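In: From the sequence below, what's the structure:
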Amino acid sequence: MNSRRSIKNLVIQLVSYLYVLLFVYAAISKLLDFENFHVQLSQSPLLSAFSSWIAVLVPIAELLTAILLITSRFRLWGLYFSLILMEMFTVYIFIILHFSSFIPCSCGGVLEKMSWNVHLVFNLTFIILAVLTILLSSNGGERKYTFKSYLKPIRLICFCLVFSVASVTLLFLSSENIMHYNNPFIRRYPVHAAEFIYEIDLKFNSYYFAGSDEKKVYLGNYTNPSQVLLIDNKSKQIKSVRISFTPNKIPFKNVIIAVRDSSFYLFDGSVPKYFQGSLKNWKINNEFNGFPYFTKVLPLDDFSAVFRSNNAKNAANVLGIYNISDTTGRIKYKRDLLERQTDGIFDTDGMLLYSSELKKIVYLYYYRNEFIIADKLGNLSYRGHTIDTIKNVKIKTASLNNDTERTISSPVYIVNAHSAVYQNLLFVNSKIKGKNEIDKLWERSSVIDLYDIKTNKYLLSFPVYHTGKKGLRSFTITEENLYALIDKTLVVYKFSDIIKKEILLH
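Out: Purely as a prediction, here's the structure:
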């Protein structure tokens, strides 16, 4: 009998000390590299929203459990806490592998070198050891091994399992809801969401994106408005075409080309003039007569366009819809869309986008964390927000020339610098660093945040790395790739399935 008791005690001590070794090593590893551990937790698709307090709580819980395990009086309690912790870690891994939108980097001392599947097997092994050791510890040395003697520990083991599963699942659901809809400015960077594949030297930095489709990307040229470069998405071949157009002494100042579907559009808001042509022969076929002065314009289809003008009170910005086929009036101003905070000019400045698949107009402000979604007729769908915290513009303006002109009199604080839309996805180049983010990342790259405008939620972020000392000038999106202009270079990134699966109309 004493021999049996000695063997039992030896097994209990051995398993307890294995747990002590595991927890102490894992906790010390986390604490010694706490900043990195905190950052890794903030990138977790399960715990992002709660990373600050979990980063502190986990190593403390591991150390306290280790203390209980080395104390014979509280060893049984230590085994139950060990079981709970290991079950929580296991449920976490299971959700990561089967329900997470992406799989993050692992964290936690010796386990960091393991794959997620090896983590799972490792944890399950320790769970089995904990259960067996609890059953051994719960049986008195002289008592017979009966089912009744195991009933209480079995109930407690089941409670530990239910508590662990429920706790981690609740954290997962709560964190996902917070990150997507009430984000506390924590970005998620899935590994290899977008990877660099090639670049093209354009020789000049005067190119801009005129449009894109599934076969080609179109580049306009500020200094040579009649030239358009066509870049084949698959072959990477570049073809130059020239627009056939001989205007009659129109005093153009800033000609821009835009491509949509099978048509191209040539316009200049300072004249103002707006023309349409066919991609088949690159000839102008039609002029939209009676177009108002505008500072921005975007074709919606062959009959209509959305524009921004400074035709509101005090020359403030206002959005409008031009429709050549509308018998009730070609021009309709939507004065309730842009909301002023200071002057109505600089504070409402932004980028104009259009999703032809959703038939939604997108207007993203430069200086605050807000964007507007409206339908094709200019009716407001909703006002969304980017994940940063800049709700109010941080600019000051001054009047010049007897109050006839206005200018910015303070340093410009840009929130959203560049953007593009593809189907239901809004890509935003943010200038504001989020929580727990590394300075080197921001020094070497431009961060792109991804939003689903169909569901109005934040999805993820990824970097586009600079070329030398030059940063991102603009970018456009196709189903497979991101095309970015960086100085004189066209840089191409390929999307992984993490991004492609978010496209609703894929």
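
In: Checking residue 173 next. Helix, strand or coil?
Out: Assigned by DSSP: H, G, I helix; E, B strand; the rest coil, the conformation of residue 173 is helix.

In: I'd like the average pLDDT over stretch 197-214.
Out: Averaging pLDDT along stretch 197-214 yields 93.

In: didn't residue 268 look like it was pressed against residue 247?
Out: No - in this structure residue 268 lies outside contact range of residue 247 using Cβ atoms under 8 Å: 9.9 Å. Every residue, glycine included, has its C-beta placed from N, CA and C.

In: Neighbour count for the two, which is higher?
Out: Comparing residue 268 with residue 247 by other Cβ atoms under 10 Å, the one with more neighbours is residue 268, at 20 against 15.

In: who are the neighbours in contact with the more buried one?
Out: Going by Cβ atoms under 8 Å, 6 or more residues apart in numbering, residue 268 touches 250, 252-256.

In: Can you show me the helices along the stretch 301-450 of the chain?
Out: Along the stretch 301-450 of the chain, the segments classed as helices by DSSP state H, counting those that start in this stretch run 439-444.

In: quick one: low-confidence parts of it?
Out: 312, 397-411 (pLDDT under 70).

In: what about 50?
Out: Low-confidence segments of the stretch 301-450 of the chain, defined by pLDDT under 50, are absent.

In: State the mean pLDDT of stretch 156-167.
Out: Regarding stretch 156-167, the rounded mean pLDDT is 93.

In: Same question for that stretch: list its buried residues.
Out: Across stretch 156-167, burial judged by 16 or more other Cβ atoms under 10 Å covers 157, 160-161, 164-165.

In: next one: stretch 430-442
Out: 430-432, 434, 436-437.

In: Buried only: go through the contacts of residue 268 for me.
Out: Applying 16+ other Cβ under 10 Å to the contacts of residue 268 flags 255-256 as buried.

In: does residue 75 really touch residue 66, like I thought?
Out: No - using Cβ under 8 Å, residue 75 is not in contact with residue 66; the gap is 11.2 Å.

In: between these two, who's got more neighbours?
Out: Taking other Cβ under 10 Å, residue 75 and residue 66 do not tie; residue 66 has more neighbours (24 against 18).

In: Spell out the secondary structure type for that one.
Out: Under three-state DSSP, residue 66 comes out as helix.

In: Look at it and report its pLDDT.
Out: pLDDT at residue 66 comes out at 95.

In: which residues touch it?
Out: Applying Cβ under 8 Å, 6+ apart, the residues contacting residue 66 are 19-20, 23-24, 27, 78.

In: One more pass at 10 Å, please.
Out: Residues in contact with residue 66 (Cβ atoms under 10 Å, 6 or more residues apart in numbering) are 16-17, 19-27, 78, 81-82.

In: Could you tell me which of the residues you listed count as buried?
Out: 16, 19-20, 22-27, 78, 81-82.

In: So residue 418 sits against residue 427, correct?
Out: Yes - assessed by Cβ atoms under 10 Å, residue 418 is found in contact with residue 427 at 8.5 Å.

In: Quick check: neighbours shared by the two?
Out: Listed as contacting both residue 418 and residue 427 by Cβ under 10 Å, 6+ apart are 448, 464, 475-476.

In: Just the buried subset of the residues you listed, written out for PyMOL, thanks.
Out: Those of the shared contacts of residue 418 and residue 427 that count as buried under 16+ other Cβ under 10 Å are selected in PyMOL with:
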select buried, resi 448+464+475+476
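
In: Return the subset of the contacts of residue 66 lying in helices.
Out: 16-17, 19-27, 78, 81-82 (DSSP state H).

In: mind putting the residues you listed in JSON lines, distance to residue 443 and pLDDT included?
Out: Conversion of those to JSON lines gives the following (distance: Cβ to Cβ, whole Å; pLDDT from 0 to 100):
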{"residue": "16", "distance to residue 443": "48", "pLDDT": "93"}
{"residue": "17", "distance to residue 443": "46", "pLDDT": "93"}
{"residue": "19", "distance to residue 443": "43", "pLDDT": "94"}
{"residue": "20", "distance to residue 443": "42", "pLDDT": "94"}
{"residue": "21", "distance to residue 443": "40", "pLDDT": "94"}
{"residue": "22", "distance to residue 443": "38", "pLDDT": "93"}
{"residue": "23", "distance to residue 443": "37", "pLDDT": "94"}
{"residue": "24", "distance to residue 443": "37", "pLDDT": "94"}
{"residue": "25", "distance to residue 443": "34", "pLDDT": "92"}
{"residue": "26", "distance to residue 443": "32", "pLDDT": "90"}
{"residue": "27", "distance to residue 443": "33", "pLDDT": "91"}
{"residue": "78", "distance to residue 443": "46", "pLDDT": "93"}
{"residue": "81", "distance to residue 443": "43", "pLDDT": "95"}
{"residue": "82", "distance to residue 443": "43", "pLDDT": "94"}
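
In: Dump those residues to JSON lines, plus distance to residue 170.
Out: Below are the ones in helices among the contacts of residue 66 laid out as JSON lines (distance: Cβ to Cβ, whole Å):
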{"residue": "16", "distance to residue 170": "30"}
{"residue": "17", "distance to residue 170": "33"}
{"residue": "19", "distance to residue 170": "25"}
{"residue": "20", "distance to residue 170": "29"}
{"residue": "21", "distance to residue 170": "30"}
{"residue": "22", "distance to residue 170": "25"}
{"residue": "23", "distance to residue 170": "24"}
{"residue": "24", "distance to residue 170": "28"}
{"residue": "25", "distance to residue 170": "29"}
{"residue": "26", "distance to residue 170": "23"}
{"residue": "27", "distance to residue 170": "24"}
{"residue": "78", "distance to residue 170": "25"}
{"residue": "81", "distance to residue 170": "19"}
{"residue": "82", "distance to residue 170": "21"}
